[in-house]
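Colleague: could you work out the structure for the sequence below:
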Amino acid sequence: MTKLTAKLTRIADRAVQKAQEENRKNGIPVWQMPDGSFTDKNPF
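Modeller: Below is the predicted model of the structure:
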C-alpha cells in the first residue's frame, strides 16, 4: 500500500466513524454486515 493510499484510507475511516457516531446520536442505528456493507435495518 502506498503512503497516499494509506493516508486516504485513514481519512475515509475517520469520516465513516464520524458519520456513524452522528447517526447514533440522532437515533439511527447502523450495522456493518459480514460482507462489509452497512445497513440501518436490524440484521438479526
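Colleague: all strands of this structure, in order?
Modeller: 31-32, 38-39 (DSSP state E).
Colleague: want to throw those into JSON lines with mean neighbour count and distance to Ala12?
Modeller: Glycine gets a C-beta too; all of them are placed from N, C-alpha and C. Output for the strands of the chain, formatted as JSON lines (neighbours: other Cβ atoms under 10 Å; distance: least, Cβ to Cβ, whole Å):
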{"stretch": "strand 31-32", "mean neighbour count": "12", "distance to Ala12": "14"}
{"stretch": "strand 38-39", "mean neighbour count": "12", "distance to Ala12": "13"}
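Colleague: now render those strands as a markdown table, adding mean pLDDT and distance to Asp13.
Modeller: Formatted as a markdown table, those follow (pLDDT from 0 to 100; distance: least, Cβ to Cβ, whole Å):
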| stretch | mean pLDDT | distance to Asp13 |
| --- | --- | --- |
| strand 31-32 | 82 | 12 |
| strand 38-39 | 81 | 13 |
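Colleague: go through the ones you listed and name the closest to Val16.
Modeller: Closest of those to Val16 is strand 38-39, at 8.3 Å (criterion: Cβ to Cβ).
Colleague: mind giving me the packing neighbours of the closest one?
Modeller: Applying 3 or more Cβ pairs under 8 Å, 6 or more residues apart in numbering; DSSP states H and E, one finds that strand 38-39 contacts strand 31-32.
Colleague: ok, now with 10 Å
Modeller: helix 3-25, strand 31-32 (3 or more Cβ pairs under 10 Å, 6 or more residues apart in numbering; DSSP states H and E).
Colleague: ok, which of these comes nearest Asn42?
Modeller: Across those, closest to Asn42 is strand 31-32 (Cβ to Cβ), at 7.0 Å.
Colleague: next one: the closest one to chain centre, how far?
Modeller: 8 Å (Cα atoms, centre = their mean, to the nearest Å).
Colleague: same thing with stretch 29-44?
Modeller: For stretch 29-44, the distance to the chain centre is 10 Å (Cα atoms, centre = their mean).
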